[in-house]
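Student: Turn this into a model:
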Amino acid sequence: QVQLVESGGGLVQAGGSLRLACAASGSFVRINAMEWYRQAPGKQRELVAVITTGGSTNYADSVKGRFTISRDNAKNMVYLQMNSLKPEDTAVYYCHALIVILYQGSYWGQGTQVTVSS
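Tutor: As a prediction, this is how the structure comes out:
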């Protein structure tokens with residue numbers, strides 16, 4: 001069974017930094033795209049950043065220049081370095097990955113809370 005487990009959330013003051021990590025475990029052939037989403041109270045879940053197997057990245061306009069997504073394919077991990085955090089970044093952050101077992105499937109982590117105080 002494939003699992004994604006996030007870590008690294010917490011409470012930080014505006015302007016501060018946090019680093020989220022997501023570890024994939026279980027039996028699978030490979031991990032394709034890995035992504036970070038977030039969901040603020042009363043809002044829809046939104047895509048924050050994506051990274052392909054080859055390392056190509058893309059970001060939501062709201063986080064460009066402040067957040068950096070990276071991955072370690074050997075460790076089956078994806079990271080999100082968040083700098084210059086703003087109160088509007090407050091949300092539950094979810095790891096998502098496209099993982100191939102017999103075929104490609106969509107997998108989600110349980111989420112980690114990020115709270116940015118003003």
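Student: How many residues are close by Gln1?
Tutor: For Gln1, the neighbour count with other CB atoms under 10 Å is 8. For every residue, glycine as well, the C-beta is placed using N, CA and C.
Student: I figured it was touching Phe28, is that so?
Tutor: No: taking contacts as CB atoms under 8 Å, Gln1 lies outside contact range of Phe28: 9.9 Å.
Student: how close does Ser7 sit to Met34?
Tutor: 15 Å (CB to CB, to the nearest Å).
Student: So for those two, which residue has more residues nearby?
Tutor: Met34 (28 against 13).
Student: Hmm, the more buried one is touching Gly54, no?
Tutor: No: judged on CB under 8 Å, Met34 makes no contact with Gly54 at a distance of 11.8 Å.
Student: show me what contacts Thr115?
Tutor: Contact partners of Thr115, counting by CB atoms under 8 Å, 6 or more residues apart in numbering, are 10-12, 90.
Student: neighbouring strands for the helix or strand containing Glu6, and are they parallel or not?
Tutor: Here Glu6, judged by DSSP states H and E, is contained in strand 3-7. On the basis of DSSP bridges, the sheet neighbours of strand 3-7 come out as strand 18-25 (antiparallel).
Student: Which pLDDT value belongs to the residue most central in space within the chain?
Tutor: For the chain, the residue whose C-alpha lies nearest the mean C-alpha position (CA atoms, centre = their mean) is Trp36; its distance is 2.8 Å. As predicted, Trp36 sits at a pLDDT of 98.
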